[in-house]
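Enquirer: following is a predicted model, sequence given first.
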Amino acid sequence: MICPDPTHPPRRLSWVSIQIFLLKCTWRILFSVQANVAGVPAISIPCGVDKQGLPIGLQLIADDFEETKLLGFSKMILEMS
């Protein structure tokens, strides 16, 4: 499975109070939580930058015990970018 990670580009902490940041953080990790809770192998890799030059991530999720395939596929994507 391929998901965005996180759901939004990162923000600079200097603009946002810590309380607002923590609230927004919950939505930012929306896709990564499922893999952690399910205990399935997952990896987050960089896949580019947005208009402001901030990194954009891509999360790859594999079936149970498919770490080797996950790492191989991740390597292939990183070599293509």
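Expert: Sure thing, it's come through.
Enquirer: least trustworthy helix or strand in this structure by mean pLDDT?
Expert: The least trusted helix or strand in the chain, going by mean pLDDT, DSSP states H and E, turns out to be helix 18-28, with a mean of 61.
Enquirer: any weak-confidence spans in this protein?
Expert: 4-32 (pLDDT under 70).
Enquirer: mind listing the helices for it?
Expert: Assigned by DSSP state H, the chain shows helices spanning 18-28, 30-38, 67-80.
Enquirer: how about residues contacting the last one?
Expert: Contacting residues not belonging to helix 67-80 are listed as 41-43, 45-47, 58, 60-62 [C-beta atoms under 8 Å, 6 or more residues apart in numbering]. Yep, even glycine has a C-beta here, placed from its N, CA and C like the rest.
Enquirer: can you tell me which of those residues end up in strands?
Expert: With strands taken from DSSP state E, the overlap with the contacts of helix 67-80 comprises 42-43, 45-47, 58, 60-61.
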